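In: Requesting a structural model of the entry that follows:
(5 chains, ligands or ions: 4)
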Amino acid sequence: GGQNAGTDPNRAQAEVAKVSIDKDGSLSKGPAPEIKDSRKGGNVNILWRQDIVHYDPAVSQSSPDNTVLEMISRRLTMYRIEGDKTTLVGDLATNAGESTDGGKTWKYTLKDGIKYSDGTPIVAKDVKYAVARSFSSLYARGFPYIQTWLADSEDFGKVYPGPYEGGELSNDKVEVQGDKTIIFKFSQPRPDFPFAAALGATAPVPQAKDTKEAMDQAPITSGPYKIASHEVDKSLKLVRNENWDPATDSIRHQYVDSFTFQFGPQVGEVTDRIAASAGDDKNTASIYQAVAPERFEQVMNDPKLKQQVIDKPTTQVDLYAINNTRVTDLNVRKALLVAFPKEQARLQKGGPYQGDFATTLGSPSTLGWKKYDLPGVTDVDPKGDPEKAKKILTDAGKLGYSISLGYNQTPTGEKEGLAIAEGLTKAGFKVEKIPMQAKTFNDTRDKVSNNLDFYWSAWAADWPTGVTVYPELFDGRKIADGRPNNTHFNNADVNAEIDRILKITDSAEQGAEFNKLDKKIMESVPAVPYVYPRRQLMFGTNVGGASFDIHTVMNLTNLFLKS
Amino acid sequence: MTTADATSVPAGRSKPPVGRSPGQLAWRRFRRDKTGVISGCVVLFFFLVGLGAPLISLLYGKDPDTQYGLERPGLLSDTGIPMKPNGGIDGEFWLGLEPKLGRDVLMQLVYGIRTSLLIALVVVFIVTAVGVIIGITAGYLGGKADYFIGRVIDTLLAIPSTLFFLAFTPIALALFIAPGKEAPAWLRATALILVLSVFGWTRAARLLRGQVLSLREREFIDAARVSGASSRRIVLKELLPNLVTPILVVVTLDVPAMVTTEAALSYLGVGMVEPTPDWGRMIHTGGDYIQTVPTYLVFPGLALLIFVLAFNLLGDSVRDALDPKSHR
Amino acid sequence: MTEVAAPTKELLTASGLQMHFPVRATGLFSRKAGVVQAVDGIDLTVHEGESFGLVGESGCGKSTTGRLIARLLEPTAGTITYDGKDITHASRKQLAPIRTEIQMIFQDPYSSLNPRHTVGSIIAGPMEINGIDPPGGRQKRVRELLETVGLNPEHYNRYPHEFSGGQRQRIGIARALALQPKLIVADEPVSALDVSIQAQVVNLLQRLQRELGIAFVFIAHDLAVVRHFSQRIAVMYLGKIVEIADRVDLYGNPHHPYTHALLSSVPDADPDSEKHRERIRLTGDVPSPINPPSGCRFRTRCWKAQDICASEEPPLVQLSGATEGHRAACHFPEARQVVPE
Amino acid sequence: MLVFLVRRVIGAILILLVISAITFLLFFAVPGNEVAALSCGKSCTPALIEEIKRGLGLDQPIWQQYLTYLGGIFGGRMIGDKLCEAPCFGYSFVNRQPVFDTVVDRLPVTLSLAIGAVVLFLVFGVGLGMLAALRKGKAADKIAMGFALVGGSMQIYVLAPFFLYIFVYSSDLLPRPNYVSFFDSPLDWAGGLILPWICLALIHTAYYARLTRSSMVDVLNEDFIRTVRAKGLSTREVYVKHAFRGAMTPIATILGLDIATLFAGAIITETSFSLVGVGQLAVNSVLASDLPMMMGVVMLASAAVVVANIIVDVVYAAIDPRIKVTA
Amino acid sequence: MTILSVSDLKVHFSTEDGVVKAVDGLSFDLAKGKTLGIVGESGSGKSVSNLAILGLHNPKTTAISGDIRFNDQQLAGASEKAMQKLRGNGISMIFQDPLTSLSPYYTVGEQIAETYRRHTGANKSKAWNRAVEMLNKVGIPQPERRAKQYPHEFSGGMRQRAMIAIALCCDPALLIADEPTTALDVTVQAQILDLLRDLQSEFETAIILITHDMGVVAQMADDVLVMYAGRAVERGTVREVLKTPQHPYSWGLLSSIPHLGGDVDVPLVPVRGTPPSLIDPPTGCPFNPRCDYRDRVPGDRCTTERPLLAPPDGHGSACHLAAADKKLIRTDELQRLG
Ligand SMILES: Nc1ncnc2c1ncn2[C@@H]1O[C@H](COP(=O)(O)OP(=O)(O)OP(=O)(O)O)[C@@H](O)[C@H]1O
Ligand SMILES: Nc1ncnc2c1ncn2[C@@H]1O[C@H](COP(=O)(O)OP(=O)(O)OP(=O)(O)O)[C@@H](O)[C@H]1O
Ligand SMILES: [Mg+2]
Ligand SMILES: [Mg+2]
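Out: Ligands and ions are numbered 1, 2, ... in the order given. I've put the predicted structure just below:
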């Protein structure tokens, strides 16, 4: 085993800048500050193993898809990243949002001079229409937050089925005043609304141009780039949008003439190509994955190659979820936690480069996160302690407890599974190894009756507060097929706590409460915190300005060609 | 006129040896063929290694499952690459260590032979049996049965088989495996065997059908019928002994074909899964390590190459021995 | 030895025997492209202990006739009566008792012996199939048979490939004899053999016929060999018998022009005989049996053909002036001496 | 000839129908729930699943679904409230693209891969085989056949990483495998595919060399070659004009079968070289349980095989005049 | 005028089992326009010796020695190029099985024209005309149409005619016909033999006619050579050999074939035993193990001394029996057979 590079949580915390909110709009004014040495012109190639799944911002919900969509379609708010300082600023709006009643109503004023790529100006009712549209079941795969909050119901489609069947969204919920002003009204305080407003549902759609499902291929664009051509699963070419005015945008640049996405290459190939940087590959950058686990040794130990890598923890936490409806005995769950060979497992994914060992359910990047001590839970040996775990099992009379371990049937996933199985077996568990198809892994896992006991699960906050973490992952009332509460953890106290914390309007206070909740949940060991994953991205020798965006994805907007 | 043949016996040999069966003659011819004997030995070696895997494991003192690299510090770097050069080859780990998990490569290879050979042999057995039955049915009965079987074969041949393997192995697995339970290796193997067999029989069937068709025209079949022999007897006593040669040919063609197909399926991720050692999967993983741990690709790649090569050579020699006229 | 006298009991009778093979065009929708009229209505009778010869050119249906008689083929029409029993459509079970009585010898000494069986098991095969256990055991019987056909009984355990063509043909004969048959259909048994060997086999067959009283249907295309071996001979042309007669009559006094042409085409080994033999040369080839000529099938190659030949099929009848049993199917029969007697 | 073609085409269509029925039944025998769940998202609800199922027609009996599917191929059909134009193979569950367009879009890659490889291995394989047959028993024969044996025993998935490493990533000798349309730049097209071609050719050359050699040797043993030689033709004429003509028939037969292999093999080849053709599409759709796409790929690949076989039959008839009789 | 003279021809094949002495000291002469019939049982070396004349054996496995003079040109050991010039031009050959001996891939016309062009350098259309002319000559009706057909569209007799057309299209001085009619029916055989005879008289071609049918020889040949185990055991004019054969093997051959006019009650007299091994032939006279009269020869000459063809010219045989003895035996035998 190697050095555990990241057991110091403070280091992780230092790397992940906490986000602040631009309330006064000072940071929302364009143009965006220039990047040092930046140059205009040229084409950057972007490699990614698969095509963007949904091009309609209302539907898309995964990174790096959103990174790309944020380049072509602007929203009410957006994150501005400067060095290690991240601020939520107004994008189309003049600021990140104003609320005078503790978060129940949120008012936005649109900037002047904002236009779609076809040159027509963007008006407030387009934003309202976009929000209304996101209620439709056609786009049910998108983020549900704004809709849920407006309808005050998980089943928001019942309250308002969207503009195609339900007519206009009532003014009680979203009100438009003139071309510039839009007001969102909630029945409860929704302090996180400015963050939610950065999601695709607020990307404006003029009603007349709504092509419904066809928008999933040809979205309405307003960012510095627009789609020039797109071959499904093969390539995407983004070119400059001449109707984008840098003066209206405090976040984005328009350095390169175009981005050419090539979909398909697997991570190994991406590493090979960018490392070689031969021919046009020197103008190439990876967007989401770059260094294959089997290459860390080579890439990270090569001083030249290391220059071509950016490396940072993500906002994600990897857990090994325990199916709490099947593994009901706390002692067994504790034994799992104690036996779990984090280090051996992590080695399969690249050792320290995969990320630091996690001890919490939330990510250090969320507001209010703090490392806490919980004896017997946060102080376990990352190599696993089979003796201790065996003792716990023996004491509970559960020696030989059968655990069905689900893992990804990829070369790496299988090995990780084996390493874990080995550790658990040593601790006296009987392990059923269940390989699962990589592409359907999440779907299979997220079924309530998944027939599994123990499986990998990762969650990244949709914005950097606990609001999209704990209620999603540990609210027992939300257990359903396809939902992220795949531990099936259901604790009345915790549920009540969640309700309480969600009502706190002060972000910092809310964050601190979420951290306490984290500890409280961990007392029941619903899952084994695994790692706070890092991400390494590579870029060709001629690519400058490489940095991460809010999703810890390559920040396209800062990229330029050195020559 | 077949007279040229007639004289070849007395012309070739002054006194024919007593009671030497065609099989014995073929065996004599085979023994004279150096390449054949050598490749036969190599093939035999593979079989022996597969059979004696536990014994080798015992003597060598390693097993295929233990994660040496994880258990013992100092074997793997902190990203899981063997510390020693050449993939960690040393006196202890003769062919080095597997990256990441740090299992013994030699043992993985040795047990991998078992997986490959076992699956291939069972498939070949099934495929040959089915092929023989169907080939005989089509060739001997002719008419509608032949026509029908011919169309079935046409159809199967028109289906891209790898795609089907890919698509149906999961379905076949789902048939066998209870949810939430670990599928024993033999169950997976069964599913694989099933899928491989569904497509595999066509070659044997086509070849044997052709053989039976030509045999059916031979007059000794008529001779048996004139004596009142039942179809059963004709098939079992008259046809089958003459099909031994084509069956052997089919087997020598099919075994390497099945070994490589199985490896290909594992390569694509629908074959045998961890922790069952498997060449195809080793090669797939090895491809990722070609720059860091090339030995991990070289050994299984070479093993597969040698096996297929030896089997192909053996097949050639067997064919030559069985069919002296085919002397190239 | 004298000629077998007046024919004894009728052993096998075929009447109106017909074999039409459907020919299919290959392809997905096989459609019947027509029928090969391999044998198209022939009548013949084989008597106990006699040798009945069948000659004709390639493809005229000799083998088919032989195979019909041996019940290897199911006739499309007509009847076959063996020993008074109608066996035309008898099943394998019903045929069982008859199988021991009708045997066959084949043309190709290579393909007629299973290369994977020893000589012993080849000859014992028919006994095994019919569950016959001769006194002294099958092996003893096999040795006897080997001796009968002039092979070394010690060769019991050898394989066919160790024998020459003539020897193999003897093995085939021994196999046919194994069941002590009453009738043997011999389909060109000597055609594949060398001239010097041919005589060995013909002599053997002749001996068997005379000594064991076995009736033969002897198929050949060599007129001299048939004449030597068979007492009564039928000449076939395109699936029909065109002439049938006692050998003396047939060779001495052929009625049908085709018989006539056949006889005159046979080259004689006597360089002098050529001079006074009249030569008849047929033109063209045998027409296709899929689409045979109307009326008399020989008319397309016949130098005597007239209109009636195309419209009316001549029946196989005894012609005036012919000896008893000499029948021909011709509208304009010949009556010339061909071979000086 | 025309009759022959028509009959072959009808036969081919029948085979494709059977294949479509079998694949359809097998694929869609997978419980519908799973399928629908795949195209559901983060906020999936049972009701939504039901709706997706209805939208896909998965609530209908299977034969009804099949008929609808078939109908779509020939006449187009409505899916949801959208018209899917004929030939309609449905929409991908995953990216909602028309299956037909996607597959057709990928076809050039796989076709280019196959065509280039076929040309290479035919030229080299036949050449090597002829050489070996000519020099039968001599060193050239042994070397050629030894090479053929070793080459033929290699697997593309073993070769590919080695070749990529040796020729592309560590030396720059060959361009990185990449597909560029022939019509955009023939040079880049060939350059981008040269490495996969070489690998495929290496493996298949072996087989064709052996096949050519043995059929040449067979033909050279035939009686008519003796006649041709007795006529006084030159050695070259004997080999090239007469013997090779005869040896072409088995080569054409095997080539016909190999088209199927190439299509099936495209999966591994394209995976090994990261080329985005039908093979990758197949793998991805299988891994994502994208049934309509899988169906589409199977149908297309089968159709390609069947068409290739018809072409081979025509070629066959052109090579061997005896074939026409049976047509 | 002698156009072909073969002396002491030996053709030995090296095989895995040993050296096959297929032809072992064969000599004969052939004059212009004459027909030499070569008879003998299967494997006696008839085909092998004639293929050797044309140099069609595989030089790697075949050792050919002796003298083959064609119009004073030495053929044994001649270069492949020289032989190619001669084949189909000076010497032609036709083979037994006309179906497999014609290339199935080219039309009959093309196959004739090809030969003609090769040897005369004629242009395509001229060669084609020649092909049609030749087809006409060998009696194929509608030659223009037939020339465009493939061999499989021809009947057996027509194929053999096409073969003859190929062989004769360059007016060869010598035609070697290796069992040209064995695969044909008697009526067709008669047609072909007539045709050969007619063409021979027209072109004055010398013919070597290989056959095992005594009748064919009787009809066609001027001289006859009887071969046994790779050697000539008897030579003479057709009348001499057939009427007064001298060698016991010739006697056997003649008495083992039934005659159309023969007495059916007289049994055939076959040659005993089986043909000898060519790898390990009997010492002395190769026929001695099958010979009924070897005790008539004093001493063990038959098993130790190889008999030579004597007398060297005219009617001769290779046998140790005294001429008087032969005559005696023969008359005895004929009497016995009636
Ligand atoms: N099974 C069959 N299917 C179709 N046609 C057949 C079959 N058997 C024989 N024929 C045809 O029937 C005709 C007569 O065949 P048969 O074998 O009886 O002739 P034959 O007189 O024995 O000829 P040969 O002398 O060549 O042996 C031929 O045209 C042959 O092609
Ligand atoms: N290439 C060869 N290698 C070895 N032995 C051969 C070869 N060619 C012919 N022989 C042998 O040489 C002997 C003479 O053969 P040849 O073909 O001359 O006989 P033949 O008199 O023409 O007989 P047939 O009447 O059968 O044509 C035979 O025993 C044959 O097996
Ligand atoms: Mg016949
Ligand atoms: Mg010969």
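In: and the residue nearest to C:C302 when sequence neighbours are not counted, how many neighbours does it have?
Out: Excluding its sequence neighbours, the residue lying closest to C:C302 (Cβ to Cβ, 6 or more residues apart in numbering or on different chains) is C:P257, at 5.3 Å. Where you see a C-beta, it was placed from the backbone N, CA and C, and this is true even at glycine. By the measure other Cβ atoms under 10 Å in any protein chain shown, the count of residues near C:P257 is 25.
In: So for the chain, the centremost residue is which one?
Out: I'll assume chain A. Among the residues of chain A, the one closest to the centroid is A:A460, at 4.2 Å (Cα atoms, centre = their mean).
In: other chain: chain E
Out: Centre-nearest of chain E using Cα atoms, centre = their mean is E:I210, 2.2 Å out.
In: was I right about that one contacting E:A177?
Out: Yes: at 6.6 Å, E:I210 and E:A177 qualify as touching, with contact defined as Cβ atoms under 8 Å.
In: quick one: low-confidence parts of the stretch 201-327 of chain D?
Out: D:264, D:323-327 (pLDDT under 70).
In: Let's see that with 80 instead.
Out: Where the stretch 201-327 of chain D drops to pLDDT under 80, the residues are D:253, D:256-266, D:286-291, D:309, D:312-313, D:316-318, D:320-327.
In: Show me which residues of it sit near chain B.
Out: Residues of the stretch 201-327 of chain D lying close to chain B (Cβ under 8 Å from any Cβ of the partner chain) are D:213-214, D:217, D:257, D:260, D:263-265, D:267-268, D:271-272, D:282-283, D:286-287, D:294, D:297-298, D:301-302, D:305-306, D:309.
In: Keep only those of those residues that are in helices.
Out: Counted as lying in helices by DSSP state H, out of those, are D:213-214, D:217, D:257, D:260, D:263-265, D:267-268, D:271-272, D:282-283, D:286-287, D:294, D:297-298, D:301-302, D:305-306, D:309.
In: which of the residues you listed count as buried?
Out: Using 16 or more other Cβ atoms under 10 Å in any protein chain shown as the burial test, those include D:213-214, D:217, D:260, D:263-265, D:267-268, D:271-272, D:282-283, D:286-287, D:294, D:297-298, D:301-302, D:305-306, D:309 as buried.
In: Can you pull the phi and psi angles for whichever residue of the stretch 151-300 of chain C sits closest to chain A?
Out: Distance from chain A to each residue of the stretch 151-300 of chain C (Cβ to the nearest Cβ) is smallest for C:Y159, at 55.3 Å. Main-chain torsions, C:Y159, degrees, to the nearest 10: phi -100, psi 150.
In: For E:L321, list the residues it contacts.
Out: E:L321 sits next to E:P248, E:Y293, E:R296, E:V297, E:I329 when contact means Cβ atoms under 8 Å, 6 or more residues apart in numbering or on different chains.
In: Distance of it relative to E:W251?
Out: 11 Å (Cβ to Cβ, to the nearest Å).
In: Same question for C:P115.
Out: Taking Cβ to Cβ, one finds C:P115 at 36 Å from E:W251.
In: so how far is stretch E:66-79 from its chain's centroid?
Out: 18 Å (Cα atoms, centre = their mean, to the nearest Å).
In: again, but for stretch D:267-279
Out: On Cα atoms, centre = their mean, the centre of stretch D:267-279 falls 12 Å from that of its chain.
In: number of nearby residues for E:R330?
Out: E:R330 has 16 nearby residues by other Cβ under 10 Å.
In: which residues touch the closest residue to it other than its chain neighbours?
Out: The shortest distance from E:R330 to any non-neighbouring residue, by Cβ to Cβ, 6+ apart, is to E:W251 (6.7 Å). Going by Cβ under 8 Å, 6+ apart, E:W251 touches E:P245, E:R330, E:E333.
In: The second one: what's it in contact with?
Out: Contacts for E:R330 (Cβ under 8 Å, 6+ apart) come out as E:T244, E:P245, E:W251.
In: which phi and psi does it have?
Out: phi -60, psi -50.
In: pLDDT score assigned to it?
Out: E:R330 is assigned a pLDDT of 82 by the prediction.
In: Could you identify the helix or strand that succeeds the lowest-mean-pLDDT helix or strand in chain B?
Out: Within chain B, confidence by mean pLDDT, DSSP states H and E is lowest for helix B:3-12 among all helices and strands, at a mean of 36. Per DSSP states H and E, the first helix or strand lying C-terminal to helix B:3-12 is helix B:22-32.
In: Which strands or helices does that next one pack on?
Out: helix B:34-51, helix B:295-322 (3 or more Cβ pairs under 8 Å, 6 or more residues apart in numbering or on different chains; DSSP states H and E).
In: Of all those, which one comes closest to ligand 2?
Out: Each of the helices and strands packed on helix B:22-32 has some distance to ligand 2 by Cβ to the nearest ligand atom; the shortest is helix B:295-322, at 17.4 Å.
In: Do the closest one and chain C come into contact?
Out: No: contact of helix B:295-322 with chain C (Cβ under 8 Å from any Cβ) is absent, the minimum separation being 11.7 Å.
In: Verify the contact between D:I73 and D:F89 for me.
Out: Yes: judged on Cβ under 8 Å, D:I73 makes contact with D:F89 at a distance of 6.4 Å.
In: Just want to know which of those two has more residues nearby.
Out: Taking other Cβ under 10 Å, D:I73 and D:F89 do not tie; D:F89 has more neighbours (25 against 18).
In: What distance do you get for the more buried one to ligand 2?
Out: 60 Å (Cβ to the nearest ligand atom, to the nearest Å).
In: what about the residue of chain E found nearest chain A, distance to C:I241?
Out: Among the residues of chain E, E:Y105 lies closest to chain A, at 45.9 Å counting by Cβ to the nearest Cβ. As for E:Y105, its distance to C:I241 is 41 Å (criterion: Cβ to Cβ).
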